[in-house]
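[1] build me a model:
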Amino acid sequence: MSKNFTFDIKSIVFDENYHPSENTRTTTNFANLARGESRQQNLRNTLRMIDNRFNNLAPWDNPTGDRYAVELEIISAYMNVSSRDDSSAFPLIEILKPNIIDKKANTRIDGIVGNSFSSYVRDYDFSVLLREYNNDKSEFSVPDDFGDLHGKLFKHFVNSDAYKERFSKAPVICISVASGKTYHRTENQHPILGAEYRQGEFSSTDRYFEKMGMRVRYFMPPGSVAPLAFYFSGDLLGDYTPLELIGTISTMEAFQKIYRPEIYNANSAAGTVYQPSLTNPDYSTTQIVYDREERSQLAVKQGKFTEEHFIKPCKNVLEQWAANFAI
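    Next up is the predicted model:
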């Protein structure tokens, strides 16, 4: 591991009293919910949705449907670059970690770190670099090395001493399936993850996560109306317990119902052949306020911030490090 790049990991509880820190990306989904007049009601309703869904997916020895509660931590990874003129660490990545409270057994169970994935460098890649690359082109294209640096930084983080001291298992990132792609249900059924779907063509997000050392599988959990995309590096079905998987599903399904209700709060479930659409008019809304337009606008500003405070000042050391990077 390079001694030039080290990590500090900090965490804060995501509950109804949560306030985003100054270093939190304002496009981060959970930060978006925690602003404005409805902030506390937003957070309270979101956490209730997560708990209810968790108990729905874990009905065994749970006759009243309230045995479990989920506590969420926001995990922030700060990267120290020893060659920088200033000694400040850059807030590289934010992810979520569910902690499962078994009220019957009076125990606390670690969930899977990952879930929602937030990255300043990804904002730069998609909102600055990719736009500039296609600025004078008639057809949209992606450079061959797109995502290489981000992927290496992520791998470095997951293999760092800081990560291994805090977390015993590899992360799983769970996000929405890609609108515009077509998914086909397979015969494979998992008792927790549900029906597996497959698609023949990777999305740009799939390829981006592949650079991070993660592959993808798509599952529609029991009672869901659309498949979720699960990005992982090991064995998704074998490395994690049922309760760990339920923690991820309940957390991210609740967030997706808020962010993308056209897909995840649709009034009809995905069929054998499924094409998700953000223009689907037949869906229900949650009682949670979320500003999707603001989020897309802020991604550009934060991409520019990353360029100014990380990419440009660290350009030489980043290029040298990436050229020699190996796990």
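
[2] low-confidence ranges, the stretch 201-327 of the chain, go.
    Within the stretch 201-327 of the chain, the stretches with pLDDT under 70 are 289-297, 327.

[3] mind redoing it with 90?
    For the stretch 201-327 of the chain, residues meeting the criterion pLDDT under 90 lie at 201-205, 258-259, 285-303, 305, 309, 315-317, 324-327.

[4] tell me where it has strands.
    Using DSSP state E, counting those that start in this stretch, the strands of the stretch 201-327 of the chain run over residues 215-220, 228-232, 273-274.

[5] for the stretch 1-150 of the chain, same thing?
    For the stretch 1-150 of the chain, the strands defined by DSSP E, counting those that start in this stretch cover 5-14, 68-81, 90-102, 107-110, 114-119.

[6] among the ones you listed, which comes closest to residue 156?
    Ranking the strands of the stretch 1-150 of the chain by their distance to residue 156 (criterion: C-beta to C-beta) puts strand 5-14 first, at 6.2 Å. C-beta: built from backbone N, CA, C; applies to glycine.

[7] what sits up against the closest one?
    For strand 5-14, contacts defined as C-beta atoms under 8 Å, 6 or more residues apart in numbering pick out 18, 21, 30, 43, 71-82, 89, 92, 96-97, 153, 156-157, 160, 162-163, 166, 321.

[8] what of stretch 178-189?
    177, 195-201, 203, 205-206, 218, 220, 227, 229, 263, 270-278.

[9] end to end, how far does that stretch reach?
    21 Å (C-alpha to C-alpha, to the nearest Å).

[10] ok, now which ones touch residue 92?
    Going by C-beta under 8 Å, 6+ apart, the list of residues near residue 92 reads 7, 77, 78, 79, 119, 120, 121, 153, 157.

[11] can you flag the buried ones in those?
    7, 77, 78, 79, 119, 120, 121, 153, 157 (16 or more other C-beta atoms under 10 Å).

[12] got CSV for these, with distance to residue 245 and pLDDT too?
    As requested, the buried ones among the contacts of residue 92 are exported to CSV (distance: C-beta to C-beta, whole Å; pLDDT from 0 to 100):
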residue, distance to residue 245, pLDDT
7, 26, 93
77, 23, 93
78, 29, 92
79, 29, 92
119, 24, 90
120, 29, 90
121, 28, 93
153, 27, 95
157, 23, 95
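
[13] out of those residues, which is nearest to residue 315?
    residue 121 (13.0 Å).

[14] measure that closest one to residue 211 for me?
    Residue 121 sits 11 Å away from residue 211, going by C-beta to C-beta, to the nearest Å.

[15] shared neighbours, the two?
    In contact with both residue 121 and residue 211: residue 150, using C-beta under 8 Å, 6+ apart.

[16] contact partners for the closest residue to residue 128 other than its chain neighbours?
    In space, and not counting its chain neighbours, residue 128 is closest to residue 303: 4.0 Å by C-beta to C-beta, 6 or more residues apart in numbering. With contact taken as C-beta under 8 Å, 6+ apart, residue 303 is in contact with 120, 123, 124, 125, 126, 127, 128, 129.

[17] now the buried members of the contacts of strand 5-14.
    Buried among these (16+ other C-beta under 10 Å): 18, 30, 43, 71-81, 89, 92, 96-97, 153, 156-157, 160, 162-163, 321.

[18] surely residue 314 touches residue 80?
    No: the criterion here is C-beta atoms under 8 Å, and residue 314 misses it with residue 80 at 11.2 Å.

[19] just to revisit the earlier point, between the contacts of residue 92, which is closest to residue 309?
    In terms of C-beta to C-beta, no member of these lies closer to residue 309 than residue 120, at 8.8 Å.
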